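Engineer: Prediction below, plus the sequence it came from.
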Amino acid sequence: MPRRRKSNKELFLNGIFNENPIFRLALSMCPAVGISTTLMNGFLLGIAVLFVQVFSSCTISLIKDYIHPRIRIPTYTLTIATWVTVIDMVLAAYMPAAYKQMGIFVKLIVAFAIITMRLEMFACKNDFVPSFWDGLGMGLGFMFGMMSLGFVRELLGMGKLFGHDILGFRPLLFFVLPAAGFFCVGIIMAVFNYVEIVYKRIRERRWKRGYS
Amino acid sequence: MDEILKITFRLTISCLLAAFVMGGVFVLTDKAKKHNEHMEFQQTMLGLLGYGKENPPPEDLKLYTIYRYIIFKDRKKYMGYMVPKEGKEGSFHQMIIMDLKGRYIDSVKLDIRQEEALERENREKVLNAALKDFSGFNYADMFIIAEQGGKRVAYLLPGRFPGFKTFIKVMLALDPKFTILGLEIMEHEEDPGLGGEIEQDYFKNQFKDKSLEKVRRLRVIKKPLPEDYKLYLEMKRLAKGIPQDQIQKIRERYRDDDIYAITGATISSRSVTNGVKKMVRNFVYRMGMLDRIIEQQEIEVPFS
């Protein structure tokens, strides 16, 4: 039986929970580990990736019929690079305060695996509107992952959140180093999976109760 | 063969399209971007001098930018300082050329106004025409003399030096006796939470009030930052008041201390300290030479 096409809402939620880029697909671990040292960084990078993902997905879904199959990857890279450059220039010109914080990160986005993979797995086979929702879901899922990492690492590593002192002292500076990034990703991944198991269990119980 | 041609053609078209899009956006946004950079530069300068939104700069505060060039003639190297001047028809510049030992060589008049000289391309155009007798020139750096009421109040030095990751761009403010008035980190790519802490007040403000003799021998010490010093350094950010007499005492106590390193970021701390040291040393030497020549040759300059 052919798989039913997912609705737009399902695509959107899929990117945040079922196929969360960091905790499920395990893609783009580099920025997840290296840049999520503070909550603000996680948030800013998440926003930047969200924009690039949505724009790239939409662009590729529009031109998917014209891409020669053997040069798919260079075409994706070209699209992503163009959008990143455009976003970088627009930010520098019209939002200088945000650019000062995000500037270095935006340029790195070209190398992220998540965007290329999403274009390859979804955007080049689907129409504009589903691609838009998928891109939005993936981008938000990435941002959610980065922010949860940033929350843990900034709080435990520096005792601050968004730059404001919460704890007043530094519990363990180790959390700011990249090695701790790996540990945190692993632990949050485990928590994520466990929460899903519990959620499914509760839902099944409710469903069974509905029948009896 | 057919395939390869098709692929090449499509790739070329895609690249050209992408180039058009990026070029178009660049043309549209470049002016705004340059304007923002210039505004940030101005704000940092005024911030270092103690002026800001709540405390606007007075009318008689004047900033004169001097550009330093290295000029070549055959095999010899000369130093050129592009100094602003006031004339009857408007402002122009004069390139004072000296050899590396500080002996005056020549002066060349440059027909370019102060606002035009802010753009590097404009300067290069004028210099290409004016320095025909020389084989070439290279832009080195620039500094700004701040004048108030006809007297020098500060020097502002933008500078760049290698840090732990790539370069660190700073702006340093010195008073007329070359004591450090303040340090601002303009650009860096250090690790957030570690080297990135050089942006924090508790590191930057340690450089304030360091005299020239202290800066010449400045080092980084790996000791924890004393609590009262930290409170004094972060006074503005924490908006915590400390009684006046205590402020004076803390200042005197720590004025001749070396720089306390950031925990987990010794290399970044050292990079900034050594970079500032080098900047100050070079500037003092060069400013001395320039002042001497201006006096000797009785060159008329708008700054005293």
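Structural biologist: Great, that's in hand.
Engineer: Going by C-alpha atoms from here, please, whenever you check contacts or count neighbours.
Structural biologist: Will do.
Engineer: and residue 21, what does it touch?
Structural biologist: Looking at chain A here, since you left the chain open. A:15, A:27-28, A:114, A:138, A:141-142 (CA atoms under 8 Å, 6 or more residues apart in numbering or on different chains).
Engineer: oops, chain B please
Structural biologist: By CA under 8 Å, 6+ apart, the residues touching residue B:21 are residue A:82.
Engineer: try residue B:195
Structural biologist: Contacts for residue B:195 (CA under 8 Å, 6+ apart) come out as B:164, B:262, B:264-265, B:268-269.
Engineer: right, and residue B:176 touches residue B:154 too?
Structural biologist: Yes: with contact defined as CA atoms under 8 Å, residue B:176 counts as touching residue B:154 (5.6 Å).
Engineer: contact partners of stretch B:167-181?
Structural biologist: Contacts of stretch B:167-181 (CA under 8 Å, 6+ apart): B:44-45, B:48-49, B:152-162, B:182-189, B:207-212, B:272, B:276, B:280, B:284.
Engineer: restrict the residues you listed to contacts with chain A.
Structural biologist: residue B:189 (CA under 8 Å from any CA of the partner chain).
Engineer: Let's verify residue B:298: helix, strand, or coil?
Structural biologist: With DSSP: H, G, I helix; E, B strand; the rest coil as the basis, residue B:298 sits in coil.
Engineer: how near is it to residue B:304?
Structural biologist: For residue B:298, the distance to residue B:304 equals 12 Å [CA to CA, to the nearest Å].
Engineer: quick one, what contacts the residue nearest the centre of chain A?
Structural biologist: Central residue of chain A (CA atoms, centre = their mean): residue A:142, 1.6 Å from the mean position. By CA under 8 Å, 6+ apart, residue A:142 lies in contact with A:16, A:20-22, A:46, A:49-50.
Engineer: try residue A:16
Structural biologist: Applying CA under 8 Å, 6+ apart, the residues near residue A:16 are A:137-138, A:140-142, A:144.
Engineer: what do you get if the cut-off is 10 Å, keeping everything else the same?
Structural biologist: By CA atoms under 10 Å, 6 or more residues apart in numbering or on different chains, the residues touching residue A:16 are A:22-24, A:134, A:136-145.
Engineer: Buried residues, the strand or helix carrying residue B:281. List them.
Structural biologist: Using DSSP states H and E, residue B:281 sits in helix B:266-296. Using 16 or more other CA atoms under 10 Å in any protein chain shown as the test for burial, helix B:266-296 gives B:266-277, B:279-280, B:283, B:286, B:289-290, B:293.
Engineer: For chain B, what's the nearest residue on chain A?
Structural biologist: Nearest to chain B, among the residues of chain A, is residue A:93, at 4.0 Å (CA to the nearest CA).
Engineer: ok so, going back, so which of the contacts of residue A:142 belong to strands?
Structural biologist: Among the contacts of residue A:142, no member falls in strands (DSSP state E).
Engineer: Of those, which belong to helices?
Structural biologist: A:46, A:49-50 (DSSP state H).
Engineer: neighbours around the closest residue to chain A within the stretch 1-150 of chain B, how many?
Structural biologist: Residue of the stretch 1-150 of chain B nearest chain A, by CA to the nearest CA: residue B:33 (4.0 Å). Residues within reach of residue B:33, counting by other CA atoms under 10 Å in any protein chain shown, total 20.
Engineer: In three-state terms, label it for me.
Structural biologist: Residue B:33 - assigned by three-state DSSP - is helix.
Engineer: what does stretch B:115-131 contact?
Structural biologist: B:34, B:38, B:65-67, B:71, B:82, B:84, B:91-93, B:95, B:108-113, B:134-139.
Engineer: Buried residues, the helix or strand harbouring the residue nearest to the centre of chain A. List them.
Structural biologist: Assigned by DSSP H and E, residue A:142 belongs to helix A:128-158. For helix A:128-158, a neighbour-count test (16+ other CA under 10 Å) marks A:128, A:130-158 as buried.
Engineer: wait, what's in contact with residue B:64?
Structural biologist: Applying CA under 10 Å, 6+ apart to residue B:64 gives the contacts B:83-85, B:114, B:143-147, B:155-156, B:302-303.
Engineer: go with 7 Å
Structural biologist: B:84, B:144-146 (CA atoms under 7 Å, 6 or more residues apart in numbering or on different chains).
Engineer: can you confirm it is in a strand?
Structural biologist: Yes: under three-state DSSP, residue B:64 sits within a strand.
Engineer: Need the per-residue pLDDT for it.
Structural biologist: Predicted confidence (pLDDT) for residue B:64: 90.
Engineer: interface residues of chain B facing chain A?
Structural biologist: Neighbours of chain A within chain B, by CA under 7 Å from any CA of the partner chain: B:7, B:18, B:22, B:25-26, B:29, B:32-33, B:36, B:192-193.
Engineer: Where does pLDDT dip in chain A?
Structural biologist: Scanning chain A for pLDDT under 70 picks out the ranges A:1-5, A:211-212.
Engineer: what about the longest helix in it?
Structural biologist: In terms of residue count, the longest helix belonging to chain A (DSSP H) is helix A:178-211.
Engineer: From what I see, residue A:34 and residue A:179 are in contact.
Structural biologist: No: counting by CA atoms under 7 Å, residue A:34 does not reach residue A:179; the two are 9.0 Å apart.
Engineer: near chain B, which residues of chain A?
Structural biologist: Counting by CA under 7 Å from any CA, the residues of chain A that sit close to chain B are A:37, A:68, A:82, A:85-86, A:89-90, A:92-93, A:96, A:176.
Engineer: got a winner among those for most neighbours?
Structural biologist: That'd be residue A:37 among these, by other CA under 10 Å, with 32 neighbours.
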